[in-house]
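Turn this into a structure:
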Amino acid sequence: MASQKAVRLSLKKPTYAVCVVGVETLVDVHSDVPHGADNFGVSGSSEVEVFLVYRPSQVTKPASKAHWPLNTNMDVVVSVSTASKDLNDLKVKVSYFGPQEVGALGHSMLYLTGVDVSLDVDMGRTGKAKRSRGDKKAWHWGPEGYGAILLVNCDKESHRSTGPDLDHSQLVSLDDLQDLSPMVLSCGGPDELFQSHKLVLKVSASDSKRARVFCARGGNSLSDYKTVLGPNHLSYEVERQPGEQVIRLHVEGLAFPDAHFLGLVSLSVSLVDMGTLPEVSLFTDTVVFRVAPWIMTPNTQPPLELYVCSVIDAHGSNEKFLDDMTYLARQANCKLVVCPRAENRNDRWIQDEMEFGYIEAPHKSFPVVFDSPRNRGLRDFPYKKILGPDFGYVTREVLLAGASSLDSFGNLDVSPPVTVGGIEYPLGRVLIGGSFPKSSGRRMNRVVRDFLYAQRVQAPVELYSDWLSVGHVDEFLSFVPTSDQKGFRLLLASPSACLKLFQEKKEEGYGEAAQFDGLKHKVKRSINEMLADRHLRSDSLHAQKCIDWNREVLKRELGLAEGDIVDIPQLFSLKGAYAEAFFPDMVNMVVLGKYLGIPKPFGPLINGRCCLEEKVRSLLEPLGLHCVFIDDYLSYHQLLGEIHCGTNVRRKPFAFKWWHAVP
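Numbers count the residues shown, from 1 in each chain. Just a heads-up that it's a prediction; the model follows:
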């Protein structure tokens, strides 16, 4: 418990003081002492706890327990357990005695008024604000941790609103209260006390940009909720009504953790004595919130919604692709959302435009779409069509030079939960692609990387993707769920595995079987020709070296063994200094539970069956997965994209609570 300044007593007149419930008040018994007094006794009303603080090695406890020596280092402390009903209704009496203790040489009277002032939040993470005597200024991670949590109010409850709820200084809907964190101000005590004392809520200038507080006053209309703290509102003199014991407050987050914001927000209330000049703060109670991080969901989480785009290009509409996605969504029992051409402006790469995640507090959770700085044809879709009631929105804009290909969210992924060297990552780890270490190549823009790192609970891993023309991690890796103890496999594109497969087929007598056989817009290549093509082999082996470098990073940073990795056959060819998939990139798949939508590779036909497809089936189907190969070559591969790039999946949030993690 915090201590107030000492109250000085007088022999000539009574002393009056305000004592906050649960707060220790020091009583100065040494400043005004009768001549000849060398010991004292102290007593108080039944509602007042009086105790003495001293070092047993320096002070001998008197046998009578009544009188204590004055010439020792000793503190008299009082506290009250309940608020007073009337002013000065609690008493503490100090009597002074001489050596003979015949009678008291003098008395000092202290009259106390107990006041119950406390600012309380959901420290126990139960979803409700409750009274707490713990350290409200602290916030601790872990299953035994404590501390309140704040949601960024980034959804849009009212369709008539022009932006996220946090953009508005007033509530736009009563439904919005469900997104706000509860806070309670206790203000019990005699009404007369609050005529000379006031309660002041405060927030620092920096935190005022990160949180807003609404005060509930009266009824259930929007006008009954007043903005009291936030931008341009650093303090608020509480309007306590006669007899009012509790004032309910609601707190909304305005900003996610980022490079210059660790995520902690402090709010305080002070009891101020207005009868002094200058006014004196008698007591301050402070609470701390942590803003909930934005959390990504890996492929191992069950799918809820599959997003695709309806487009028309030089080859016609992508109706067949949409039919295939309809089938896949039906098999996986998830909802299909088709973004029409009027909304996507013929931009099909919906994975590159946005990433789905969620935010969570004990009282509420809702999905949040992270809009990439890519800003092409789909740039308005996340804001205009996804942002809505209980569906939030966040973005980071890249200024000056603008966004690069690596700022698209095909270059953003997240692993399933992993344990690395005894350290648990129960929400997985974010994966982003960039340049080779110590090189000057392309990287994801700092504003996006800073945001991802600041969320903390999914500690990012930076991979090497700059060797690819587009430069996205989804061009060489994917995760799939499995029903075994591990729970997932990492799929890596593997030129070595592809060359080995083709060599085996050649030795089996199928050297003339051709890649791209039957495609009108692509020259077919036999297995013999591909194996004899020194440039294709060299380019693919270069890609293999780049993938192998990432393989070692992924094994080290995700705690993986070789048995956790599946090599998916794939060839690459160089265009200038950068690599592109030689045939549709099978790793670039959409994962819907156990159903995989894989780009059809148009590999050599062996006995009427594609040997690449057969190889992938043999690798993945024993794991309980269903491979569905999607024939959309012209629409996707010719434009340097694949199935994953042209889809996006909103998934079920983790059951694990992020605040139980220890980042």
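
which secondary structure elements does the helix ranked longest in the chain contact?
Under DSSP state H, the helix in the chain containing the largest number of residues is helix 534-558. Other helices and strands packing on helix 534-558, by 3 or more Cβ pairs under 8 Å, 6 or more residues apart in numbering; DSSP states H and E, are strand 418-420, strand 461-464, strand 488-494, helix 495-505, strand 565-569, strand 572-575, strand 578-581. (Each C-beta comes from the backbone N, C-alpha and C, glycine too.)

The third one pairs with which strands?
Looking at strand 488-494 with DSSP bridges, its partner strands are strand 477-481 (antiparallel), strand 565-569 (parallel).

Save the ones you listed as TSV, and put in mean pLDDT too.
Converted to TSV, the strands paired with strand 488-494 look like this (pLDDT from 0 to 100):
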stretch	mean pLDDT
strand 477-481	98
strand 565-569	98
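
would you list those strands in TSV and tack on distance to A138?
Formatted as TSV, these follow (distance: least, Cβ to Cβ, whole Å):
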stretch	distance to A138
strand 477-481	36
strand 565-569	42
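
in stretch 653-663, what's buried?
Residues of stretch 653-663 classed as buried under the neighbour-count rule (16 or more other Cβ atoms under 10 Å) are P653, F654, K657, W658, W659, A661.

One more: stretch 218-234?
Of all the residues in stretch 218-234, those buried under the rule 16+ other Cβ under 10 Å are Y225, T227, V228, L229, G230.

re the thing from before, what's the longest helix of the chain in contact with?
By Cβ atoms under 8 Å, 6 or more residues apart in numbering, the residues outside helix 534-558 that reach it are 415, 418, 420, 429, 436, 461, 463-464, 467, 476-477, 490, 492-496, 498-499, 530-531, 560-562, 565, 571-574, 579, 582.

Counting neighbours, which of those residues end up buried?
Looking at these with 16+ other Cβ under 10 Å, the buried ones turn out to be 415, 418, 429, 461, 463-464, 467, 476-477, 490, 492-496, 498-499, 530-531, 560, 565, 571-574, 579, 582.

I figured A17 hits V115, correct?
No. Using Cβ atoms under 8 Å, A17 is not in contact with V115, being 10.7 Å away.

When the two are compared, which one has more neighbours?
Neighbour comparison, A17 and V115: the larger count goes to V115, with 25 against 20 (by other Cβ atoms under 10 Å).

Quick one: residues contacting that one.
Applying Cβ under 8 Å, 6+ apart to V115 gives the contacts V18, C19, V20, V21, A83, S84, C187, G188, G189, L193, H197, L271.

can you check V92 too?
V27, V42, S43, G44, S45, V48, V50, V78, M109, L110, L112.

Would you mind confirming that the fifth one is in contact with K93?
No. The pair S45 / K93 is not scored as a contact, 9.4 Å apart, by Cβ under 8 Å.

related to what we said a few turns ago, could the helices and strands packed on helix 534-558 go into a markdown table alongside distance to G511?
Output for those, formatted as a markdown table (distance: least, Cβ to Cβ, whole Å):
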| stretch | distance to G511 |
| --- | --- |
| strand 418-420 | 42 |
| strand 461-464 | 34 |
| strand 488-494 | 21 |
| helix 495-505 | 7 |
| strand 565-569 | 17 |
| strand 572-575 | 20 |
| strand 578-581 | 23 |
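
Now for P426, how many residues are close by?
The number of residues packed around P426, counting by other Cβ under 10 Å, is 17.

who touches it in this structure?
With contacts taken as Cβ under 8 Å, 6+ apart, P426 has the following neighbours: P417, F654, F656, H660, A661.

can you rerun that using 10 Å?
Residues in contact with P426, defined by Cβ atoms under 10 Å, 6 or more residues apart in numbering, are 417-419, 457-458, 654-658, 660-662.

Could you do T25 as well?
3-7, 17-19, 48, 76-80, 92, 110, 112, 282-283.

For it, grab phi and psi.
For T25, the backbone dihedrals (degrees, to the nearest 10) come out as phi -120, psi 120.

what touches both of A17 and V115?
When contacts are counted by Cβ under 10 Å, 6+ apart, A17 and V115 are jointly contacted by L282.

Tell me where the model's unsure across the chain.
In the predicted model of the chain, residues 1-4, 57-60, 63-65, 633-641 satisfy pLDDT under 70.

The longest strand belonging to the chain: partners in the sheet, and parallel or antiparallel?
Once the chain is assigned using DSSP state E, the strand that runs over the most residues is strand 104-121. Within its sheet, strand 104-121 is paired with strand 15-20 (parallel), strand 90-97 (antiparallel), strand 181-188 (antiparallel), according to DSSP bridges.

what's the closest of those to G377?
Smallest distance to G377 across the strands paired with strand 104-121 (Cβ to Cβ): 37.7 Å, for strand 181-188.

Which element is encountered next along the chain beyond the closest one?
In the C-terminal direction, the helix or strand that comes right after strand 181-188 (DSSP states H and E) is helix 193-196.

who are the neighbours of that following helix, in terms of helices and strands?
Other elements packing on helix 193-196 under the criterion 3 or more Cβ pairs under 10 Å, 6 or more residues apart in numbering; DSSP states H and E are strand 104-121, strand 264-273.

7 Å - rerun?
The criterion is 3 or more Cβ pairs under 7 Å, 6 or more residues apart in numbering; DSSP states H and E, and there are no helices or strands that helix 193-196 contacts.

Can you name the next helix or strand after it?
Following helix 193-196 in sequence order, the next helix or strand is strand 197-202 (DSSP H and E).

For the closest residue in space to D273 that isn't next to it in sequence, give its distance to V272.
The shortest distance from D273 to any residue other than its chain neighbours is 4.8 Å, reached at V280 (Cβ to Cβ, 6 or more residues apart in numbering). As for V280, its distance to V272 is 7 Å (criterion: Cβ to Cβ, to the nearest Å).

Which one's more surrounded, the two?
Residue environment comparison for V280 versus V272 gives the larger neighbour count to V272, 20 against 14, counting by other Cβ under 10 Å.

need the contact list for that one.
Listed by Cβ atoms under 7 Å, 6 or more residues apart in numbering, the contact set of V272 reads H197, K198, V200, E279, V280, S281.

can you check H140 too?
Applying Cβ under 7 Å, 6+ apart, the residues near H140 are Y146, G147.

for the stretch 351-500 of the chain, what spans make up the helices?
Assigned by DSSP state H, counting those that start in this stretch, the helices in the stretch 351-500 of the chain fall at 381, 446-454, 495-505.

Spell out the secondary structure type for the residue sitting nearest the centre point of the chain.
In the chain, the residue lying closest to the centroid (Cα atoms, centre = their mean) is P293, at 0.9 Å. Secondary structure of P293, reduced to three states by DSSP: H, G, I helix; E, B strand; the rest coil: coil.

Against M274, how distant is the residue nearest to D273?
9 Å.

Between these two, which contacts overlap?
Contacts common to V280 and M274, judged by Cβ under 7 Å, 6+ apart, are absent.

what residues are up against Q503?
Contact analysis of Q503 by Cβ under 7 Å, 6+ apart lists L531.

picking up where we left off before, name the residues of the longest helix of the chain that are buried.
Of the residues in helix 534-558, 536, 539-540, 542-544, 546-547, 550-551, 553-555, 557-558 count as buried by neighbour count, 16+ other Cβ under 10 Å.

What of stretch 24-43?
24-29, 32-34, 37, 39-42.

Stretch 563-572 too?
By neighbour count, with 16+ other Cβ under 10 Å as the criterion, the buried positions of stretch 563-572 are D564, I565, V566, D567, I568, P569, Q570, L571, F572.

Which one of the residues you listed is nearest to R376?
Here the nearest of these to R376, counting by Cβ to Cβ, is F572; it sits at 25.0 Å.

how close does the closest one get to C546?
In terms of Cβ to Cβ, F572 sits 9 Å off from C546.

Count the residues that sit near Y146.
Neighbour count for Y146, taken as other Cβ under 10 Å: 18.

could we number from 58 for the rest of this?
Sure thing, new numbering starts at 58, so read that last one as Y203.

Surely it and T183 touch.
No. If you go by Cβ atoms under 7 Å, Y203 and T183 don't touch, sitting 10.6 Å apart.

Before I go, just wanted to say thanks for your time.
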